[in-house]
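**Q** Sequence and predicted structure below; questions after.
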Amino acid sequence: MSQLLQAAAYGVVQGGLLGLVAVGFSLVWGVMNVINLSHGALAVTGAYLAWLLNLHFGLDPFLALPVVAIALFLFGYALQRGLINLVINAPIFLTLLLTFGLGLVILNSLQLLFNADDRTIETSYASQSLALGTVNVPYGRLAACGLALAITVGLAAVMTRTRLGHSISATGMDRGAARLMGIRARHVYAITFGISAALAGVAGTMIATVGSFNPTTTPGQLTLDAFVISVLGGLGNMYGALVGGLVLGIAESVGGLVLTGTWVNAIAMAVLILTLIVRPSGLIGKAQYSGRVEV
Amino acid sequence: MLEIEKLNAGYGRVQVLWDVDLAVEAKQIVALVGANGAGKTTLLRAISGMIAVRSGGVKFRDRDIAGASIESIVDLGIAHVPEGRRLFSGLTVRENLVLGGWRRNNRDLSRVVALFPVLGQRLNQVASTLSGGEQQMCAIARGLMSEPSLLLIDELSLGLAPIMVDEIVGRLPEIAASGTAVLLVEQDIDTALTVSETAYVLETGRITRSGSSRELLADATIQAAYLGLESQ
Ligand SMILES: Nc1ncnc2c1ncn2[C@@H]1O[C@H](COP(=O)(O)OP(=O)(O)OP(=O)(O)O)[C@@H](O)[C@H]1O
Ligand SMILES: [Mg+2]
């Protein structure tokens, strides 16, 4: 029983983190209909940046977050403006190919720069845990999960309450109509991709703090997780990504008690398929992204 | 205010508009009528920048806007109420209207609510649940939120009951008098020619008749043109 509780607690904190990995991916997919296969690579780029800042300046990863977020935002904005916008009207196959290639270029560059070793950001609190009866939750994971929650709530508020958020959702719903309101769609797309990249970088930094990462297997795993969670939660829905992350985190963690390591992806897929059978529009459901008319 | 000269435009290799001349003066209501497929929607799209202009001039308040982007044309003061309305269907009426004023950061709904009081009672209703007439009001109101000096309306009467059409069309003179000229594309030729001062008849991409709406309304050949038959 206590083993099950421990697994569930781990699943919750891991799930929050997975939700953070997915929320930006889901945003880009929902708003511009681009499945960004370089999302995991962007997360790992953020992880390396935080790792470098820690290594050379002793900066705590939580304090490095603003730097990582701004750097990744600018990188993401430039990528969308200079590259992905060029093929935004092309069939989805082309954007898949482009972002897949982009991910490869990024992770090969990272591998050249830093080799393929597993890295982790060492902190004093990494080994300390909060004890709740028989259940132990590491402080780092707890903080990462709390941050994921705060960012998700914050992002949802930005989307529903601010001028910028309105322009992003309007462009996602009907780009042509949004442009007729004077909303600069290309700029909005670039901002959206920048936000997504910044969120990926933050998630990557947290992963590097509570666990480890490398340029070969981590990016693909994160992209796959983000994909599963986005479909699970419902596209373009901020809270959907969080709920999807929690479901996946708990399922993998509890399922891991009975199945061995390599089975986690199978668990993820099983959860995905089951959800899609019961609720084809995802757990929270995609509400407004539909009438995409090309202009 | 809007002067179009020898405009040629179309989609890809297909040319739809041929040497179109058209003018709209400030505070005027101008009707553009023609049969299905004549190119009325295409002409509005060329004005608002939704499609490229192949050749010819589009001048708005003495600025050449041919080839300008949709967004910058909105900035200059042209609002386009597109065919099919294209409301943000999952959002409320209020959210739709606020998006209409997005560019100028205009959140003041008083002008459009005064114009269409029923919208005032529907502000928190989701746009897709409005009646067809209310949706058209919402679309026009959304266009007005950008405080344009020219409003392009495509197929105002599409799918609406005649009484609803009369109600909405009855607001157009007020809109024009308050400083927003209207270029109205309409299938319902009687309605269009009654409310407008000037009108143009578009036939397979060419302007074949133009002039005072009253005279055109009295002219029997216009009915034929509207039906797409050969006119003398
Ligand atoms: N997106 C498009 N791509 C290619 N051709 C188009 C497109 N839209 C319209 N056309 C063609 O352009 C011509 C003019 O169409 P348009 O929609 O401008 O006519 P209309 O006068 O608005 O007709 P209606 O009264 O039916 O709305 C038609 O032959 C049509 O097939
Ligand atoms: Mg039309």
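**A** Great, that's in hand. Numbering: from 1, shown residues only, chains lettered A, B, ... in the order given. Ligands and ions are numbered 1, 2, ... in the order given.
**Q** got the contact list for residue A:160?
**A** residue A:169 (C-beta atoms under 8 Å, 6 or more residues apart in numbering or on different chains). Heads up, the C-betas are built off the backbone N, CA and C, glycines and all.
**Q** what do you get if the cut-off is 10 Å, keeping everything else the same?
**A** A:166, A:169, A:238, B:95 (C-beta atoms under 10 Å, 6 or more residues apart in numbering or on different chains).
**Q** What strand or helix carries it?
**A** Using DSSP states H and E, residue A:160 falls within helix A:139-161.
**Q** Taking helix A:139-161 as reference, get the angle to the next helix-or-strand element following that helix.
**A** Downstream of helix A:139-161, the first helix or strand assigned by DSSP H and E is helix A:163-173. Going by axes from the mean of the first three to the mean of the last three C-alpha atoms, to 10 degrees, helix A:163-173 is angled at 80 degrees with respect to helix A:139-161.
**Q** Need the CA coordinates for the following helix or strand past helix A:163-173. CSV is fine.
**A** Per DSSP H and E, helix A:163-173 leads on to helix A:175-180 as the next helix or strand towards the C-terminus. Output of helix A:175-180 as CSV, limited to C-alpha atoms (Å, rounded to 0.1, in the frame of the first residue of the first chain):
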residue,chain,number,x,y,z
ARG,A,175,-6.7,33.3,-39.1
GLY,A,176,-8.4,35.2,-42.0
ALA,A,177,-11.0,36.7,-39.7
ALA,A,178,-8.3,37.7,-37.2
ARG,A,179,-6.3,39.5,-39.9
LEU,A,180,-9.5,41.4,-40.8
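**Q** Name the next helix or strand downstream of helix A:175-180, please.
**A** Note on helix A:175-180: by DSSP H and E, the next helix or strand toward the C-terminus is helix A:185-210.
**Q** Packing partners of the helix or strand that that next one is followed by?
**A** Where DSSP H and E defines the elements, the next helix or strand beyond helix A:185-210 is helix A:218-233. Applying 3 or more C-beta pairs under 10 Å, 6 or more residues apart in numbering or on different chains; DSSP states H and E, one finds that helix A:218-233 contacts helix A:2-32, helix A:39-57, helix A:92-114, helix A:185-210, helix A:238-258, helix A:264-278.
**Q** Please see if the first one touches chain B.
**A** Same thing as helix A:2-32. No: residues of helix A:2-32 are not located near chain B by C-beta under 10 Å from any C-beta of the partner chain, the shortest gap being 12.3 Å.
**Q** What residues sit buried inside that helix?
**A** Judged by neighbour count (16 or more other C-beta atoms under 10 Å in any protein chain shown), helix A:2-32 contains these buried residues: A:6-32.
**Q** go on, the shortest one?
**A** Judged by neighbour count (16+ other C-beta under 10 Å), helix A:264-278 contains these buried residues: A:264, A:267-268, A:271-272, A:275.
**Q** re the thing from before, compare the helices and strands packed on helix A:218-233 and give me the one nearest residue B:161.
**A** Of all these, it is helix A:185-210 that lies closest to residue B:161, at 35.1 Å by C-beta to C-beta.
**Q** List the buried residues for the closest one?
**A** Within helix A:185-210, the residues that qualify as buried are A:185, A:187-210, counting by 16+ other C-beta under 10 Å.
**Q** what's near enough to touch residue 217?
**A** This is for chain A. By C-beta under 10 Å, 6+ apart, the residues touching residue A:217 are A:40, A:44, A:107, A:116, A:118.
**Q** actually chain B
**A** The contact partners of residue B:217, taken as C-beta under 10 Å, 6+ apart, are B:31, B:189-190, B:192-194, B:196, B:199, B:223.
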